[in-house]
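Novice: no sequence on this one, just coordinates:
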């Protein structure tokens, strides 16, 4: 579908400074003035540089906005799709025997990540931690339904040359040996440029069947991290592709997002028992359906961090008031997936055979629930 378009004793400190001036004469003032002048000059240069960057970004965005916006494409023969390899297919899959060379750490998001290039010259964004498996599986199901996704692959282990100690917890990785276990590899494709983020409630597709279907999919996989920072617009093939680029908070339970308060019930990622016991459809009233999605941050964050609070409060709205007809539409598409394909999505993510079957059964049950809705 296309649409164009720390407290400082200030009193004592000031007194000490004044005494120093009296005892030592005027040089401290000159030094201070000189220092302040130097500090004043630097922001000006930085400001100019920042201004140039902003102007360049604005021009890039303006050009991109002239391209057609695309969210979904008809997957056609869904039952023939390869969910072991997903959007990139077998041709773009990482070589399991390749070595990798560390490039730089990526501090975006919450999971430890870094860029590395393999011996075949391909650059990958490597993600460690609990999101690696659920994100790989989720990307395949979302792609199979016709939506754009990243080319994500999972490997149980890779070897990385020059691996330093990352600023974030490395989850089993060893700088001494270079061994990094349980990784999600996101292929960095040529001709793919991110131009901006997009908002669930403010985008060119609001009210369309395709966006509503994507909202249903997020509920089906229990992706509770529905924040704008995870949604990206890429320019590729002279189109703007709207993508949910981070699906790692899936296949667990929906709860409060991480708020750095250990005793609070946080949402989980890739936890089978949580996914099995979570509720899917909250209710269906009239011609609309509401899905179970708990993402509101603790109320006290509305005072200490209102932006964070409001972002996740809005995320709950994403799963409310979806037209039943649109839920049935996406349910019909998903029903065309074979049991083997659904299991392949979880096999691709490195889950054990019993986990594969158990996760798949929950997905199948939820698809059936969608198709039992009434207009």
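Specialist: Sure, I can see it. In this text the structure is predicted, and so the values were computed from the model without any measurement. Residues are numbered from 1 along each chain as shown.
Novice: distance-wise, check residue 298 relative to residue 223.
Specialist: Separation of residue 298 from residue 223 (Cβ to Cβ, to the nearest Å) stands at 21 Å. To be clear about C-beta, it is placed using only N, CA and C from the backbone, and glycine gets the same treatment.
Novice: right, and residue 100 touches residue 124 too?
Specialist: Yes - counting by Cβ atoms under 8 Å, residue 100 does reach residue 124; the two are 7.3 Å apart.
Novice: okay, and the common contacts of those two?
Specialist: Shared contacts of residue 100 and residue 124 (Cβ atoms under 8 Å, 6 or more residues apart in numbering): 116-118.
Novice: and the nearest residue to residue 88 once chain neighbours are set aside, how many neighbours?
Specialist: Leaving aside its sequence neighbours, residue 88 sits nearest to residue 151 (Cβ to Cβ, 6 or more residues apart in numbering; 3.3 Å). By other Cβ atoms under 10 Å, 21 other residues sit near residue 151.
Novice: hang on, the earlier thing: if we only consider the shared contacts of residue 100 and residue 124, which is nearest to residue 282?
Specialist: Distance to residue 282 across the shared contacts of residue 100 and residue 124 (Cβ to Cβ) is lowest for residue 116, with 42.1 Å.
Novice: the strands in the stretch 201-350 of the chain, which residues?
Specialist: Counting by DSSP state E, counting those that start in this stretch, the stretch 201-350 of the chain has strands at residues 231-236, 239-244, 281-285, 288-291, 322-323.
Novice: closest one to residue 374 among those strands?
Specialist: Evaluated over the strands of the stretch 201-350 of the chain, closeness to residue 374 peaks at strand 281-285, with 7.7 Å, by Cβ to Cβ.
Novice: just how off-centre is that closest one within its chain?
Specialist: Distance, stretch centre to chain centre, for strand 281-285: 27 Å (Cα atoms, centre = their mean, to the nearest Å).
Novice: secondary structure element holding residue 116?
Specialist: Residue 116 belongs to strand 113-118 when elements are defined using DSSP states H and E.
Novice: direction included, what does that strand pair up with?
Specialist: Applying DSSP bridges, strand 113-118 is found paired with strand 99-106 (antiparallel), strand 123-127 (antiparallel).
Novice: dump those strands into CSV; add mean pLDDT as well.
Specialist: Formatted as CSV, the strands paired with strand 113-118 follow (pLDDT from 0 to 100):
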stretch, mean pLDDT
strand 99-106, 96
strand 123-127, 97
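Novice: do you know which of those strands lies nearest residue 162?
Specialist: Smallest distance to residue 162 across the strands paired with strand 113-118 (Cβ to Cβ): 4.3 Å, for strand 99-106.
Novice: could you point out where this protein is predicted with low confidence?
Specialist: Low-confidence segments of the chain (pLDDT under 70): 1-48, 191, 259-262, 375.
Novice: give me the most central residue, it.
Specialist: The centroid of the chain falls nearest to residue 246 when counting by Cα atoms, centre = their mean (2.2 Å).
Novice: now do the contacts for that residue.
Specialist: So residue 246 contacts 109, 131, 135, 225, 229-230 (Cβ under 8 Å, 6+ apart).
Novice: in helices only, show me these.
Specialist: Among the contacts of residue 246, the members found in helices (DSSP state H) are residue 135.
Novice: Produce a PyMOL select command limited to the buried residues of the contacts of residue 246.
Specialist: The buried residues among the contacts of residue 246 can be selected in PyMOL (16 or more other Cβ atoms under 10 Å) with this line:
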select buried, resi 109+131+135+225+230
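Novice: count of neighbours near residue 165?
Specialist: 11.
Novice: with adjacent residues omitted, what lies nearest to it?
Specialist: residue 175 (5.3 Å).
Novice: do you know how far the one you found is from residue 163?
Specialist: Applying Cβ to Cβ to residue 175 and residue 163 gives a distance of 5 Å.
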